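> dropping a prediction and its sequence here:
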Amino acid sequence: MENRDLLAGAAVAVLMAMAVAPAAALANGPVGDYPPNAEPGKCYEKVLIPQQYEA
């Protein structure tokens, strides 16, 4: 029974780590992906538009 409790505790710890890791990564944001004149407190959006070619 103790092995089962230990395994369940480890599984909970792993799931919690997986839930927190992406939030921690997003807290700092992407490095070098800001406009050169970014101002604190303002929101910026990066829009990717696929190139269009004429045939």
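Nice, thanks for sending it over.
> in what helix or strand does the closest residue in space to residue 35 that isn't next to it in sequence lie?
The shortest distance from residue 35 to any non-neighbouring residue, by Cβ to Cβ, 6 or more residues apart in numbering, is to residue 44 (5.9 Å). Where you see a C-beta, it was placed from the backbone N, CA and C, and this is true even at glycine. Of the helices and strands defined by DSSP states H and E, none includes residue 44.
> give me the neighbour count for residue 44.
The number of residues packed near residue 44 is 9, by other Cβ atoms under 10 Å.
> so how far is residue 34 from it?
Going from residue 44 to residue 34 by Cβ to Cβ, to the nearest Å gives 7 Å.
> what of residue 50?
Noted for residue 50: a distance of 23 Å to residue 34, by Cβ to Cβ.
> neighbour-wise, which of these two wins?
Comparing residue 50 with residue 34 by other Cβ under 10 Å, the one with more neighbours is residue 34, at 11 against 5.
> wait, the residue nearest to residue 35 sits on residue 37?
No - contact status for residue 44 versus residue 37: not in contact, 10.1 Å apart, counting by Cβ atoms under 8 Å.
> low-scoring pLDDT stretches of this protein, where are they?
Applying pLDDT under 70 to the chain picks out residues 1, 17, 20-32.
> just the helices from it, written as ranges.
Applying DSSP state H to the chain gives helices spanning 2-28.
> what's the burial count for residue 43?
Residues near residue 43, counting by other Cβ under 10 Å: 5.
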